[in-house]
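Q: Generate a structure from the sequence data that follows.
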Amino acid sequence: MTGPAGLTQQGDITGNLDVECGVVIVGSGAGGATMAAELAGAGIDVVMVEEGGYHPTGSFTADSTRALRTLYRDGGGGIAAGRPPVLFAEGRCVGGSTVVNGGMAWRAPPQVLDRWATRGVTGISERELEPYFARAEARLSVGLQDPETIGRDSRLLQAGAGAKGWAIVPNRRNQLHCAGSNNCNSGCPTGAKRSMLVTSVPRALSRGARLFADCRVERVTRSDGAVTGVRGRFVRPGGRPGPRLTVRARAVIVAGGAVQTPALLARSGLGSASGQLGRNLYLHPNAMVIAYFDEDVTGWHGVHQAFQIREFAAEGILLTANNLPPPMLAGVMPAHGRELGELMAGYNRIVTAGCVVTGSTAGRVRTVPGLGPLVFYQISDHDAACVLRGVTLTAEVLFAAGARRVLLPFDGAPAVHSMDELRGLLARPVAKRSLGLFTVHLMGTARMSDDPRRGVTSSVGEFHGVPGLFVTDASLFPGPIGINPMETIIALALRNAERLIERRGCHGV
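A: Reported below is the predicted structural model:
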């Protein structure tokens, strides 16, 4: 597969490769690609290394099973161990999770930034971050969806919220005249979603950066305490190890996400004096409700998540509707065999909706030799109660919109046909371990704090005690954000890139 100038893929490599640069960036998602574009624009020699492959816009189709194989880590089937376990998904491709997310672009709430400031983070106020949020929004065409691309599933959610008198807002999305094909999670087939694949990655390459795709970084290298670069191996088809890549650089920026970043640092022998590396894993637990209507919904007509119900935001609960393609929906249906076939036969009359809970529990990422990163997360009783309330509210809004039958994300729960049935069901305690939970928002395992006793990195992402090593992804967050994290990752990357450029002489980059 050909690609833009500056891109090297595994098929282009026949032997071990050594390169030199000013800065090497591990990962090409929201944080890594933004940082690469900024540093390359300042004349710094930048190399990006991405474990996943390069898949251009023209390769994206409605084949969600292909997308799971090519665009996601582990087919989107990551598991945070706990009772109950929490399924999670990570993007693994050029552009990272921005290629497969829903494109929601929201600024971090001011109260969240204020809370982070109390944890030793400076330069984090709403006023101080405003110019970086504004730059991110301008660059990524953040705005409201064209009305004609809002699908029936979103309109039903809106109608239900209206009937209940609940506050609902249109989603702000990084898109430019999205066609509403509801294919966000499998890669945008039109390029309307302004992911890193079509924005900051080509911007960085046009400014002289180099990108090595299909290459897994195995460790960050050091000498006399300071970083010297990274080592990795290209990945051949089928996962076979290929030639080695050695990058010598004066600064290393890790942008692998809240699971892969601490894993890479740990296997590189890098520990944090605070003891917090890999700890403080926060996530937003999600639970999904499946509702059947008497009318055709045809959820794949229309944009992914056109609205968010914010009525219960003060409780840390958001409600949304988003269509799932048949293979993904079948995978989460509470049935098998003939029963599953009967449920799936009504696909065009289904609305899938659910709650996003902010979450207060801190989990952990541990790296085990031979096994890689293992994720542990135990939802608290408080957060489980919030999920239960969120599921109840989701069902309530769907019944208000005209749903005739609702399937719940509780093991063994029967379908309910009214709120009275649901209230009767919930009159008995729901075991926490029976909840069906998932998430795509993970954060916090290399948290910022200028106090090296409390944090892993400084307020600008510099790893405490290791000159030249930086982090730029959601692992920097000192706590849960309560909203889609992408825009905040990008804003922090813009700010931190500016600081690094200002002090570039300190690291010789």
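
Q: ok, how many other residues are close to the closest residue to S181 other than its chain neighbours?
A: Excluding the flanking residues, the one nearest S181 by CB to CB, 6 or more residues apart in numbering is P189, at 6.3 Å. Bear in mind the C-beta positions are built from the backbone N, C-alpha and C, glycine included. The local packing of P189 (other CB atoms under 10 Å) involves 16 other residues.

Q: now P189, what's its secondary structure?
A: coil (DSSP: H, G, I helix; E, B strand; the rest coil).

Q: which ones are touching it?
A: For P189, the contact set (CB atoms under 8 Å, 6 or more residues apart in numbering) comprises T57, F60, T61, A62, S181, N183.

Q: From G52, how far out is the closest residue to the first one other than its chain neighbours?
A: In space, and not counting its chain neighbours, T57 is closest to G191: 4.3 Å by CB to CB, 6+ apart. As defined by CB to CB, to the nearest Å, G191 lies at a distance of 18 Å from G52.

Q: Of the two, give the one with the bigger neighbour count.
A: Of the pair G191 and G52, G52 is the one with more neighbours under other CB under 10 Å, namely 25 against 18.

Q: Of the contacts of P189, just say which sits nearest to Y347.
A: Y347 has its nearest neighbour among the contacts of P189 in A62, at 13.5 Å by CB to CB.

Q: Okay, helices next: where are they in the stretch 301-450 of the chain?
A: Remark: helices assigned in the stretch 301-450 of the chain by DSSP state H, counting those that start in this stretch are 326-332, 337-344, 381-400, 419-426.

Q: Please apply the same query to the stretch 1-150 of the chain.
A: So, for the stretch 1-150 of the chain - with DSSP H, counting those that start in this stretch - the helices run 30-41, 64-71, 110-117, 126-139.

Q: Let me have those helices in CSV, extended by distance to D296 and mean pLDDT.
A: Formatted as CSV, the helices of the stretch 1-150 of the chain follow (distance: least, CB to CB, whole Å; pLDDT from 0 to 100):
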stretch, distance to D296, mean pLDDT
helix 30-41, 36, 98
helix 64-71, 21, 94
helix 110-117, 40, 97
helix 126-139, 36, 98
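
Q: out of these, nearest to G151?
A: The nearest among the helices of the stretch 1-150 of the chain, by CB to CB, is helix 64-71 at 17.0 Å.

Q: about what we covered before: can you tell me how far the residue nearest to S181 is from G58?
A: 8 Å.

Q: My read is that V356 contacts N322, right?
A: No - look at V356 against N322 with CB atoms under 8 Å: they stay out of range, at 10.6 Å.

Q: Show the backbone phi and psi for the residue nearest to T57.
A: phi 80, psi 10 (degrees, to the nearest 10).

Q: Repeat that for V201.
A: Backbone dihedrals for V201, given as degrees, to the nearest 10, come out at phi -60, psi -50.

Q: if I pick it, what's in contact with it?
A: By CB under 8 Å, 6+ apart, V201 lies in contact with S28, A33, A36, A37, M48, V94, G95, L211.

Q: Surely W300 is in contact with N182?
A: Yes - between W300 and N182 there is a contact under CB under 8 Å: 4.8 Å.

Q: Which of these two has more residues huddled nearby?
A: Taking neighbours as other CB under 10 Å, W300 and N182 compare with N182 leading, 27 against 19.

Q: For that one, which residues are in contact?
A: G151, G299, W300, H301, G302, V303, H304, N323.

Q: In CSV: those, plus pLDDT.
A: Formatted as CSV, the contacts of N182 follow (pLDDT from 0 to 100):
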residue, pLDDT
G151, 94
G299, 87
W300, 86
H301, 90
G302, 91
V303, 93
H304, 90
N323, 88
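
Q: which one of those is nearest N348?
A: Checking the contacts of N182 against N348 with CB to CB, the nearest one is G299 at 7.8 Å.

Q: Quick check on the closest residue to the closest one other than its chain neighbours: phi, psi?
A: Counting by CB to CB, 6+ apart, G299 lies nearest to N323, which is 3.2 Å off, once chain neighbours are set aside. Main-chain torsions, N323, degrees, to the nearest 10: phi -70, psi 140.

Q: What distance do you get for N323 to L492?
A: For N323 relative to L492 (CB to CB), the value is 31 Å.

Q: try Q308
A: 22 Å.

Q: Run a quick neighbour tally on V460.
A: 22.

Q: Test my guess that it contacts A497.
A: No - at 9.4 Å, V460 does not count as touching A497 under the criterion of CB under 8 Å.

Q: any common contacting residues for the two?
A: Contacts common to V460 and A497, judged by CB under 8 Å, 6+ apart, are absent.

Q: close enough to count as contact, L398 and C355?
A: No - applying CB under 8 Å as the test, L398 and C355 come out as separate, 11.8 Å apart.

Q: Can you check the pLDDT for the residue lying closest to G412 once chain neighbours are set aside?
A: Once flanking residues are discounted, G412 sits nearest to S434: 6.9 Å by CB to CB, 6+ apart. Looking at S434, its pLDDT is 95.

Q: can you check G331 too?
A: Confidence score, pLDDT, at G331: 83.

Q: Tell me which residues touch it, please.
A: G331 neighbours (CB under 8 Å, 6+ apart): none.

Q: again with N286
A: G354, C355, V356, V357, L437, F438, T439, V440.

Q: Residue ranges in the protein under the pLDDT threshold?
A: 1, 504-509 (pLDDT under 70).

Q: hey, where'd the helices end up in the stretch 151-300 of the chain?
A: Assigned by DSSP H, counting those that start in this stretch, the stretch 151-300 of the chain shows helices spanning 152-164, 200-206, 257-267.

Q: Quick one: these as JSON lines, columns for distance to H382 too.
A: Below are these laid out as JSON lines (distance: least, CB to CB, whole Å):
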{"stretch": "helix 152-164", "distance to H382": "25"}
{"stretch": "helix 200-206", "distance to H382": "38"}
{"stretch": "helix 257-267", "distance to H382": "22"}
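
Q: and the ones you listed, which is most packed in?
A: Greatest average neighbour count among those goes to helix 257-267 (a mean of 25), per mean count of other CB atoms under 10 Å.

Q: Quick one: distance of that one to the chain centre.
A: Centroid separation for helix 257-267 versus its chain: 15 Å, with CA atoms, centre = their mean, to the nearest Å.

Q: tell me the angle that helix makes with helix 30-41.
A: Counting by axes from the mean of the first three to the mean of the last three CA atoms, to 10 degrees, helix 257-267 lies at 70 degrees to helix 30-41.

Q: Determine the set of other helices and strands touching helix 257-267.
A: Here helix 257-267 touches strand 215-223, strand 241-254, strand 363-368, strand 372-376, strand 442-443, going by 3 or more CB pairs under 8 Å, 6 or more residues apart in numbering; DSSP states H and E.

Q: which residues make contact with it from outside it?
A: So helix 257-267 is contacted by 26-27, 29, 78, 88, 90, 96-97, 217-220, 254-256, 277-278, 281, 365, 367, 369, 372-373, 375, 442-446, 463, 471, 473-475 (CB under 8 Å, 6+ apart).

Q: Filter those residues down to just the buried residues.
A: Buried subset of the contacts of helix 257-267 (neighbour count, 16 or more other CB atoms under 10 Å): 26-27, 29, 78, 88, 90, 96-97, 217, 219-220, 254-256, 277-278, 281, 365, 367, 373, 375, 442-446, 463, 471, 473-475.

Q: Nearest to P429, out of the contacts of V201: which one, please.
A: G95 (43.7 Å).

Q: Do I have it right that the closest one meets L197?
A: Yes - between G95 and L197 a contact is recorded at 3.3 Å, counting by CB under 8 Å.
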